[in-house]
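Trainee: pasting the sequence and the predicted model now:
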Amino acid sequence: MQLPEDFIQEIRPVFGEERFERFVKALDGDSPVSIRLNPAKAADMMPVDGEPIPWCRDGYYLPKRPNFTFDPLLHAGCYYVQEASSMFLDEVLKQLAISQLPIANCQKLMALDLCAAPGGKSTLLRAVLPTDSVLYSNEPIAKRASILLENITKWGYANHHVTNLYPKDYRKSKMKFDLILCDVPCSGEGMFRKDPDSVKEWSLQNVEKCWQLQREIVADAWQCLNEGGILIYSTCTYNIKEDEENVRWIRDELGAELIPVATKPEWGITGSLLDGFDEPVYRFIPGYTRGEGLFMAVMRKGKPMVSATENGGFCNGKRCFLGQKTLVSPTETIEKSSGSPCVELTYPQAIAYLRGEALVLPSETPRGMVEVSFMGHPLGFVKNIGSRANNQYPKEWRIKTTHVPHSYEPVLQVKHESL
C-alpha cells in the first residue's frame, strides 16, 4: 500500500521504527472479517465456521467474507457485520459494570451515542445495557442517520431512539446522561487497509480540522454528562493529536478522571505513545492486534452519584422532542406486536421479499397484514390480497443488485447441545 508521505513523516516517529515497519507490512494483508451476534435473537446460534474475538462476548472472526447481502438473517438483525477492534467496547462495558455508573444498584441507565452511524457501537451498547435503560443514538448527517435508523430498527431493542441533531442541540436541551459514547469523526487512518479511499482523502489539513472538531464535540457532550457519569472517547486513527493530546486536553481542561481497563498481552493492544502521558489509553494497530485501527479512552466526570432522569426531554410514544427540536421517531422493531399471522418463507422467497417483490402465500393464509419470517426470525410484513401478497418492506432497505445466488450459504447455524 502506498501511504501519503506526510502520514509517514508524522506516524513513523510516533510508532518507532520496528512498530511502524510491522504496521506497514500488515497493511498489505487482508482485513479480518468479523461479525457480532445479537444476543436477543441469536442466543441459540453461532457462526458456521467462526473463531471467538477475545474482547467481545458475542464477536467472531470468519475465515472468509461471505456475501452478507444475501443472508436473510443479517436483514433480520440476528447479527451485525462489525470490525473486530471496535468491539473492544464490549470489554470496556463489561469491566465498567453498573456499580461504577451514577445510578449504582439501579437497573435503568440513560445513555447517548453522540456520533453513532452506521450503528455498530450503538447496537453493541444497547445489547449490553440493562433492559430498562434508554439509549439515544445520534447522527448529524441526514443520509447517515437514515442508515443508522435502519440498523437500529433491525437490531430490535426497546427504548432505543435515533436522532438527527448536532451535539450542541443536546447541550442546549439540558438532557443528562449516565454514559456517553463519543466515537468522533476523525481522519480515518485506522481504515487505510479496509477502505483504500481513506488513504486518498487523508491530509495534514484534515488532521488539524478533526482534532479541533473533536474537542468541540466532547465539550458539548461533557455538559450532558451526569456527575459521576462515564465518557468513552474513541477514534479510528493513529496520530497523537486526535488521540492522546485530545484525551490529555479532556483531563486537564474538563477535569476527567481516566479509568483503566484490564487487557491481556496476547491481544496486542498498545498504550500511550505520547511522551510524558502515561494515562490508560488503548490503541489497536494492525500487525499487533487482529483488527483495524482503533483508539479508545474511558473517563469519569467527578465522583459517582445516584442520578437517572430524562431531564429536558420526553417521549409521547410517537415522536420524541428535545426542547423545541423534533427528533427522528423512536424505532419500531420489525417484530412489533400486531397480532398478525406469520408465514415462514423459503430462502428464494426471503430473497424475493428483501428485493421488494410480491409473494404468493399458501392458500390458507388469511387476508390482510401478514408477518413473514426466515428460519423463525421476522423479516417484515406483506399485505395479502389473495392472489398475491403486496410487499411492505421499506423501499430504502431493499436489495438492489440483480445477481441472486442459487443456493443459501448460511453464516449462522443452530448450536448443537454438545457445544
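Mentor: Structure's in. What do you need? Numbering: from 1, shown residues only.
Trainee: CA atoms of the strand ranked longest in the chain as PDB?
Mentor: Longest strand in the chain, counting residues (DSSP state E): strand 225-235. Listed next in PDB are the C-alpha coordinates belonging to strand 225-235 (Å, rounded to 0.1, in the frame of the first residue of the first chain):
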ATOM      1  CA  LEU A 225     -23.000  14.000  31.300                       C
ATOM      2  CA  ASN A 226     -24.200  13.400  34.900                       C
ATOM      3  CA  GLU A 227     -21.800  14.000  37.700                       C
ATOM      4  CA  GLY A 228     -20.100  10.600  38.100                       C
ATOM      5  CA  GLY A 229     -21.000   9.700  34.600                       C
ATOM      6  CA  ILE A 230     -18.800   7.900  32.100                       C
ATOM      7  CA  LEU A 231     -17.500   9.300  28.800                       C
ATOM      8  CA  ILE A 232     -16.000   6.800  26.300                       C
ATOM      9  CA  TYR A 233     -13.800   8.600  23.700                       C
ATOM     10  CA  SER A 234     -12.800   6.700  20.500                       C
ATOM     11  CA  THR A 235     -11.300   7.300  17.100                       C
END
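Trainee: which strands border it, and is each parallel or antiparallel?
Mentor: For strand 225-235, the paired strands and their directions (DSSP bridges) are strand 177-183 (parallel), strand 294-301 (antiparallel).
Trainee: residues contacting the first one, please?
Mentor: So that's strand 177-183. Contacting residues not belonging to strand 177-183 are listed as 89, 101-103, 109-116, 121-122, 125, 136, 214, 217-218, 221, 224-226, 229-235, 307-308 [CB atoms under 8 Å, 6 or more residues apart in numbering]. The C-beta positions use only the backbone N, C-alpha and C, and glycine is treated the same way.
Trainee: and if we set it to 7 Å?
Mentor: The contact list for strand 177-183, computed with CB atoms under 7 Å, 6 or more residues apart in numbering, reads 101-103, 109-115, 121, 125, 217-218, 221, 224-226, 229-234, 308.
Trainee: nearest to Gly29, of the strands paired with strand 225-235?
Mentor: strand 294-301 (17.3 Å; CB to CB).
Trainee: which helix or strand lies directly C-terminal to the longest strand of the chain?
Mentor: Going down the chain from strand 225-235, the next helix or strand is helix 244-254, by DSSP states H and E.
Trainee: tell me what that next one is packed against?
Mentor: The criterion is 3 or more CB pairs under 7 Å, 6 or more residues apart in numbering; DSSP states H and E, and the helices and strands that helix 244-254 contacts are helix 204-223.
Trainee: again, only this time at 10 Å
Mentor: Other elements packing on helix 244-254 under the criterion 3 or more CB pairs under 10 Å, 6 or more residues apart in numbering; DSSP states H and E are helix 204-223, strand 225-235, strand 256-258, strand 294-301.
Trainee: can you give me the angle that helix makes with strand 225-235?
Mentor: Here the directions of helix 244-254 and strand 225-235 differ by 170 degrees (axes from the mean of the first three to the mean of the last three CA atoms, to 10 degrees).
Trainee: so Gly386 makes contact with Leu361?
Mentor: Yes - at 9.2 Å, Gly386 and Leu361 qualify as touching, with contact defined as CB atoms under 10 Å.
Trainee: which of the two has more residues huddled nearby?
Mentor: Between Gly386 and Leu361, counted using other CB atoms under 10 Å, the more crowded position is Leu361 (18 against 10).
Trainee: all helices for the chain, in order.
Mentor: Ranges of helices within the chain are 5-15, 17-27, 72-75, 88-96, 120-128, 142-155, 167-173, 196-201, 204-223, 244-254, 347-354, based on DSSP state H.
Trainee: quick one: buried residues of the last one?
Mentor: Spelled out, it's helix 347-354. Neighbour counts over helix 347-354 (16 or more other CB atoms under 10 Å) mark Tyr347, Gln349, Ala350, Ile351, Ala352, Tyr353, Leu354 as buried.
Trainee: TSV please, covering those and showing pLDDT and distance to Glu201.
Mentor: Rendered in TSV, the data for the buried residues of helix 347-354 read as follows (pLDDT from 0 to 100; distance: CB to CB, whole Å):
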residue	pLDDT	distance to Glu201
Tyr347	96	39
Gln349	96	41
Ala350	97	37
Ile351	96	35
Ala352	96	38
Tyr353	97	37
Leu354	97	32
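Trainee: reformat these as CSV; add distance to Leu179.
Mentor: Shown next, in CSV, are these (distance: CB to CB, whole Å):
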residue, distance to Leu179
Tyr347, 40
Gln349, 41
Ala350, 37
Ile351, 39
Ala352, 41
Tyr353, 37
Leu354, 34
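Trainee: closest one of those residues to Ser373?
Mentor: For these, the minimum distance to Ser373 (CB to CB) is 8.5 Å, reached by Ala350.
Trainee: pretty sure that closest one sits against His75.
Mentor: Yes - proximity of Ala350 to His75 meets the contact threshold set by CB under 10 Å, at 8.4 Å.
Trainee: anything in contact with each of these two?
Mentor: When contacts are counted by CB atoms under 10 Å, 6 or more residues apart in numbering, Ala350 and His75 are jointly contacted by Phe374, His377, Leu379.
Trainee: gap between the closest residue in space to Met110 that isn't next to it in sequence and Tyr393?
Mentor: Nearest residue to Met110 in three dimensions, chain neighbours excluded: Phe177, at 4.7 Å (CB to CB, 6 or more residues apart in numbering). Taking CB to CB, to the nearest Å as the measure, Phe177 falls 34 Å from Tyr393.
Trainee: more neighbours: which of these two?
Mentor: Using other CB under 10 Å as the criterion, Phe177 and Tyr393 rank with Phe177 on top: 28 against 20.
Trainee: just list whatever residues bridge to that one.
Mentor: According to DSSP bridges, Leu225 are recorded as the beta-bridge partners of Phe177.
Trainee: before we move on, back to that, redo the helices of the chain as TSV? Include distance to Ile285.
Mentor: TSV is the format used below for the helices of the chain (distance: least, CB to CB, whole Å):
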stretch	distance to Ile285
helix 5-15	8
helix 17-27	6
helix 72-75	29
helix 88-96	13
helix 120-128	19
helix 142-155	27
helix 167-173	29
helix 196-201	16
helix 204-223	17
helix 244-254	14
helix 347-354	38
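Trainee: return the most buried member of those.
Mentor: Taking mean count of other CB atoms under 10 Å as the contact definition, the stretch among the helices of the chain with the greatest mean neighbour count is helix 120-128, which reaches a mean of 24.
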